[in-house]
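S.K.: build me a model:
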Amino acid sequence: MSAVETLVELLAGRREAATLRPREWDGVIGVARAEALLATLAPIVGDVELPLSVASLFTDMRAAAAVATTQSLWEAEMARRALAPHGIEFVLLKGTAYAAAGLACSAGRQIGDLDILVPWHDLARAENALLVAGWEWVKEDAYDDAYYRQHMHELPPLIHKARDRMIDVHHTILPRTHRITPDALALVGDAVPTERGFAVLCPTDMACHCAAHLIADGDLQGGLRNLWDFHALTSEFVAADRGFWGKLDERAAMHGLARVVHRAARLARDLFGTKLPSGWNSDRPGDERYQRRLLARDDWGRATDPLLRQAFYIRSHWLRMPPPMLARHLWTKWRKGGG
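M.R.: Below is the predicted model of the structure:
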């Protein structure tokens, strides 16, 4: 069994951590680090007897994840203080949203950028308010700036000049030129409050966004991280609401994400054992290729299967842009890189 397969078995609870040999731990740690799952694995492994070096690493990862969670929630508070005086409300997305909502998948998570969703009509005011409050552009490039504003689902990334923390300000969850156009007003309008006073996407929209981020908005780089989130989110939501899968089916269809969500669910079933209802279990052509892409790492954590990775990279751009726009974009980026 490869290291990446062993990692999946550990996460899914089909393999006991205490049964791994030291050499197996080397591979698992390398793959987990590459997939941003090392801190997530730490609380799942728990307090079983481990090699001293592995136990020490997991202790450090738990502490680092706790600090990252505190920092992410503080950064969300800073964004709120910058935007609230202007009457601009926002919805937390991704890792910070999971932490603010107290969801299980936030345990041991290393949260990076702050991702927020604001209504399109508030986008310009939100940008100005953040700039006044100390955020600045990560890099100034006329082409990239125009590309973000005309085609993407978010502003160009900003970083706070004092705290060195990045924020991504979204107005929807997929690029404007994508072939799928989720209902951004519904995402904001149906957001729910948390005990911390922040708004997050409702459970069905949170699962839709996770699936979209995994399958529709990228080349599956780091896909195991996103697929684990989907598994953990849906498992927790189903435990709280037995009718969740039916509601998710309806919501995904409304956003144009039904095929994306169903594929994410099947992949989560196949890798992590997610229990699906009848009607969700029929395999579709291409599922095996997606699974190969998700597991394309050697026992050192290095990416493998370059042709498959390249195919998914091309696919991600093909979904994002019409062919003429894609050709112009790739040509421009190639010339800039060559200069």
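
S.K.: how many residues are close by Arg225?
M.R.: By the criterion of other CB atoms under 10 Å, Arg225 has 18 neighbours. All C-beta atoms are positioned from the backbone trio N, CA, C, and that covers glycine.

S.K.: ok, Ala191 next?
M.R.: Neighbours around Ala191, by other CB under 10 Å: 21.

S.K.: equivalent analysis for the one 4 residues further on, please.
M.R.: When neighbours are counted by other CB under 10 Å, Glu195 registers 8.

S.K.: the stretch 101-250 of the chain: strands as residue ranges?
M.R.: 114-117, 135-137, 158-160, 166-170, 192-193, 199-200 (DSSP state E, counting those that start in this stretch).

S.K.: and the ones you listed, which is most packed in?
M.R.: Most buried of the strands of the stretch 101-250 of the chain, by mean neighbour count (mean count of other CB atoms under 10 Å): strand 114-117, with a mean of 27.

S.K.: next helix or strand past the helix or strand where Glu288 lies?
M.R.: Using DSSP states H and E, the element containing Glu288 is helix 287-294. Going down the chain from helix 287-294, the next helix or strand is helix 306-320, by DSSP H and E.

S.K.: how about exporting that following helix as CSV, limited to the C-alpha atoms?
M.R.: C-alpha atoms of helix 306-320 as CSV (Å, rounded to 0.1, in the frame of the first residue of the first chain):
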residue,chain,number,x,y,z
PRO,A,306,2.5,14.5,-14.9
LEU,A,307,0.4,13.9,-17.9
LEU,A,308,-2.7,13.4,-15.8
ARG,A,309,-1.9,16.6,-13.8
GLN,A,310,-1.4,18.5,-17.0
ALA,A,311,-4.8,17.2,-18.4
PHE,A,312,-6.6,18.5,-15.2
TYR,A,313,-4.7,21.8,-15.4
ILE,A,314,-5.9,22.3,-19.0
ARG,A,315,-9.4,21.2,-18.0
SER,A,316,-9.6,23.8,-15.2
HIS,A,317,-8.8,26.6,-17.6
TRP,A,318,-11.2,25.2,-20.2
LEU,A,319,-14.0,25.4,-17.7
ARG,A,320,-13.1,28.9,-16.6
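
S.K.: give me every residue that touches the nearest residue to Ala133 once chain neighbours are set aside.
M.R.: Leaving aside its sequence neighbours, Ala133 sits nearest to Ala82 (CB to CB, 6 or more residues apart in numbering; 3.7 Å). By CB atoms under 8 Å, 6 or more residues apart in numbering, the residues touching Ala82 are Ala129, Leu130, Val132, Ala133, Trp135.

S.K.: about what we covered before: nearest to His317, out of the strands of the stretch 101-250 of the chain?
M.R.: Evaluated with CB to CB, the strands of the stretch 101-250 of the chain place strand 166-170 nearest to His317, the distance being 19.4 Å.

S.K.: elements contacting the closest one?
M.R.: strand 114-117, helix 123-132, strand 158-160 (3 or more CB pairs under 8 Å, 6 or more residues apart in numbering; DSSP states H and E).

S.K.: mind putting those into TSV with distance to Ala296 and mean pLDDT?
M.R.: Below are the helices and strands packed on strand 166-170 laid out as TSV (distance: least, CB to CB, whole Å; pLDDT from 0 to 100):
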stretch	distance to Ala296	mean pLDDT
strand 114-117	26	97
helix 123-132	37	96
strand 158-160	31	94
